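J.: please work out how this folds:
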Amino acid sequence: MTTANTDTFSSDLVAALAELRTLGQDGSNPHFKSRYLTLQTLIEGVRPILARHNLALLQPVTADGNSVTVTTVILHASGAKYDSGLTLTATGPATPQALGSLISYARRYGAGSLLGIVSDPDADDDANAASAPASAPAPWSSTATRAYEAWISDLQVAASGGLPALMTAVREGDESYKARLRENPTLWNAIKNSAPVAQ
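T.: Numbers count the residues shown, from 1 in each chain. Predicted coordinates:
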């Protein structure tokens, strides 16, 4: 944090944070039959509140190979600022889609973390969704099996955005998919361990 005008900056920031509330889940994922907080809603929700208190939210991005760093900055009208960086690394090729996904996740989690925003107060961030005691799954049709395999592929893609991104994808999964994944702890551990660690 810069040292100039920290008293005014601190008082304005505290006042702004006091107005922020838990945001609702406005997005819909048809594949996972679930809802989630979109980056757009998060940004649109916080910017007016910050502006009322002479604050702005900035998120510059830098890239290095298959890694991206999003620095979330809270800038005060006085010039004082507070920032925090999040670096994520894709495990696969650095395609525009892969890097774009990393940037979106880093922006959402970076802003939420710096501002103390909880997008889902009932979120299962400690992997319970994938590691709870298993129940006996019912026989699956070939169509259901293909859908489950597509979900596993989506989890592997999400894992390239880091553990928070992976856990979001797991939470958004169909309950029957989660139950089947719990039957295969080796697969779950392989997916989870492929998630890069934020630097």
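
J.: go through whichever strand or helix holds L181 and flag the buried ones.
T.: Per DSSP states H and E: L181 is located in helix 175-182. Buried residues in helix 175-182, counted by 16 or more other CB atoms under 10 Å: S176, Y177, K178, A179, R180, L181, R182. Every C-beta, even on glycine, is put in place using the N, C-alpha and C of the backbone.

J.: grab the longest helix from this protein for me.
T.: helix 96-115 (DSSP state H).

J.: so which elements touch the helix or strand encompassing G45?
T.: Taking DSSP H and E as the definition, G45 sits inside helix 39-52. Packing contacts for helix 39-52, counted by 3 or more CB pairs under 8 Å, 6 or more residues apart in numbering; DSSP states H and E, involve helix 6-19, strand 55-58, helix 96-115.

J.: starting at the chain centroid, how far to the helix holding L181?
T.: From the chain centre to the centre of helix 175-182 is a distance of 21 Å (CA atoms, centre = their mean, to the nearest Å).

J.: who are the packing partners of that helix?
T.: Helix 175-182 packs on helix 128-131, helix 142-159, helix 185-193, going by 3+ CB pairs under 8 Å, 6+ apart.

J.: let me know the angle separating that helix from helix 142-159.
T.: Angle, helix 175-182 to helix 142-159, by axes from the mean of the first three to the mean of the last three CA atoms, to 10 degrees: 70 degrees.

J.: mind checking how far A15 is from P48?
T.: For A15, the distance to P48 equals 14 Å [CB to CB, to the nearest Å].

J.: which one's more surrounded, those two?
T.: With neighbours defined as other CB atoms under 10 Å, A15 and P48 compare such that A15 has more, 14 against 9.

J.: name the nearest residue to the more buried one, sequence neighbours excluded.
T.: Excluding its sequence neighbours, the residue lying closest to A15 (CB to CB, 6 or more residues apart in numbering) is H53, at 5.2 Å.
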